[in-house]
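*Asks:* pasting a predicted model and its sequence here:
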Amino acid sequence: MIFVWAILVFALLLVGLSAALIVAERLLVNYGVCKLDINNGEKELEVEGGQTLLSALNGAEIWIPSACGGKGTCGYCKVRVLSGAGSKPLPTETPFLDRREVRNGTRLACQVKIREDLRLRIPEDLLNVKLYSSVVKSTITLTHDIKEIRFSLQEPAEILQRPGQYVQIIAPSPDGPVSRAYSISSPTYETDEVELNVRLMPYGIGSTYLHNLEVGDQVAFTGPYGEFELDENPDTELICVGGGCGMAPMKNIIYSVYDRWPDRSLWLFFGCRATRDIFYLDELRELAKKHPNFHVIYALSDQLEEGETWDGETGFIHLAVDKHLQPDVRRQAFLCGPPPMIDAVMGVLREKGLRDRHIFYDKF
């Protein structure tokens, strides 16, 4: 018992010391006004020193993505720091940076404390991200744990997105507003609305908030974000592979593609555990009737329950990809789903002749 009390006292002392250091820094250290030079003078800001770079940029309505609320656990808020802020990333940043990023000065904006003038390189796409206000237009239950939620845009009234991009919903939490990323499922030609597929996660702040929305509720979000880049050569075959809520960007890509290229070759592989997890299948099969080069393959990984019937593939989805795709065809692939699925599918695609630069993926 004495040993337990000793540990508790030591922990309290550490917490107290940390809090005292934070307060002391705020009261005793004044970094004054610091300048942020973005993209060689394209945009210049004057901000109060002492805050994080992420906070300063968001305060200037430059919406850098951050799914963890600036806690350094998501790795989304990458910007290049060309000068200032030291030469090396912190230990909290290195798990999210590869060697090339470390060499070119990439940092996590939430981990960079502004103590001096900084020169930054921020992708043009992020400088164009906007804060949107919207109202819930409809909610549809797709499965036992996934809802389709559609928002009508208010201000701005239009969103311009690329296939496969995402938005960050601003959700309330006990610690204040937080942002959570969700892929856009509505196609690019629907510019006045945004549709999401949202899986309810146990204790998930964002998904719980979204699943409890009702028609007419006001919702704010930022976007669009994302690095998916669609090959616009109509001769390039497209491969879409998803599981669960990984359907969202695939649906976006499919409908956007067939609005522009009715005859383009596209394969959708979608993995479900059981029949109760199937959604959009009938709708996509109807689309395939209109576009003969669109191939829809669903696979169930669990055994069927007694009395159930299923006429599609069984087993993990990478096995269906291996079965149906011929090797050495000019292709581009988009993957969205759990990491084990992504890794298995990437292995198959490499064997089929795809290079990594032709494969875009989002693990969740």
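*Replies:* Nice, thanks for sending it over. Because the structure is a prediction, the values reported are computed rather than measured.
*Asks:* buried ones in stretch 235-249, by neighbour count?
*Replies:* Across stretch 235-249, burial judged by 16 or more other CB atoms under 10 Å covers 237-249. (Glycine included, C-beta is placed from N, CA and C.)
*Asks:* same thing with stretch 354-364?
*Replies:* L354, I359, F360, Y361, D362, F364.
*Asks:* how about stretch 143-163?
*Replies:* Across stretch 143-163, burial judged by 16+ other CB under 10 Å covers 143, 145-151, 153, 159, 161-163.
*Asks:* S138 falls within a helix, correct?
*Replies:* No - the assignment for S138, made by DSSP: H, G, I helix; E, B strand; the rest coil, is strand rather than a helix.
*Asks:* all helices for the stretch 201-350 of the chain, in order.
*Replies:* For the stretch 201-350 of the chain, the helices defined by DSSP state H, counting those that start in this stretch occupy 205-211, 247-260, 281-290, 317-324, 339-351.
*Asks:* could the C-alpha coordinates of stretch 221-236 be exported in CSV?
*Replies:* The C-alpha coordinates for stretch 221-236 follow below in CSV (Å, rounded to 0.1, in the frame of the first residue of the first chain):
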residue,chain,number,x,y,z
PHE,A,221,-17.2,21.5,-41.6
THR,A,222,-14.0,22.4,-43.4
GLY,A,223,-12.8,21.0,-46.7
PRO,A,224,-12.3,19.6,-49.2
TYR,A,225,-9.0,17.7,-48.3
GLY,A,226,-7.3,14.8,-49.7
GLU,A,227,-4.5,13.6,-52.1
PHE,A,228,-6.4,11.3,-54.4
GLU,A,229,-5.6,12.3,-58.0
LEU,A,230,-7.8,10.7,-60.7
ASP,A,231,-6.0,9.8,-64.0
GLU,A,232,-8.1,11.6,-66.6
ASN,A,233,-6.9,9.4,-69.5
PRO,A,234,-10.1,7.4,-70.3
ASP,A,235,-8.0,4.4,-71.4
THR,A,236,-6.7,3.9,-67.9
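*Asks:* now do that stretch, average pLDDT.
*Replies:* Averaging pLDDT along stretch 221-236 yields 95.
*Asks:* equivalent analysis for stretch 85-104, please.
*Replies:* pLDDT averaged over stretch 85-104 gives 90.
*Asks:* start and end of it, how far apart?
*Replies:* Terminal residues of stretch 85-104 are spaced 14 Å apart (CA to CA, to the nearest Å).
*Asks:* tell me where the model's unsure across the stretch 201-350 of the chain.
*Replies:* For the stretch 201-350 of the chain, no stretch is flagged by pLDDT under 70.
*Asks:* what about N252, neighbour count?
*Replies:* 28 (other CB atoms under 10 Å).
*Asks:* how about the strands of the stretch 151-300 of the chain, start to end?
*Replies:* For the stretch 151-300 of the chain, the strands defined by DSSP state E, counting those that start in this stretch cover 166-171, 178-183, 193-199, 218-225, 237-243, 266-272, 294-300.
*Asks:* how about those, which one is nearest F334?
*Replies:* F334 lies closest to strand 237-243 among the strands of the stretch 151-300 of the chain, at 5.2 Å (CB to CB).
*Asks:* now do that closest one: distance to the chain's middle.
*Replies:* How far strand 237-243 lies from its chain's middle: 17 Å, per CA atoms, centre = their mean, to the nearest Å.
*Asks:* same check on stretch 194-207?
*Replies:* On CA atoms, centre = their mean, the centre of stretch 194-207 falls 12 Å from that of its chain.
*Asks:* do you know the pLDDT at L21?
*Replies:* 46.
*Asks:* need the winner for burial among the helices of the stretch 201-350 of the chain.
*Replies:* helix 247-260 (a mean of 22; mean count of other CB atoms under 10 Å).
*Asks:* wait, D235 touches Q332, no?
*Replies:* No - in this structure, D235 is not within contact of Q332 by CB atoms under 8 Å, at 11.0 Å.
*Asks:* what packs against the helix or strand where C34 lies?
*Replies:* Assigned by DSSP states H and E, C34 belongs to strand 33-38. Secondary-structure packing of strand 33-38 (3 or more CB pairs under 8 Å, 6 or more residues apart in numbering; DSSP states H and E): strand 43-48, helix 53-59, strand 118-121.
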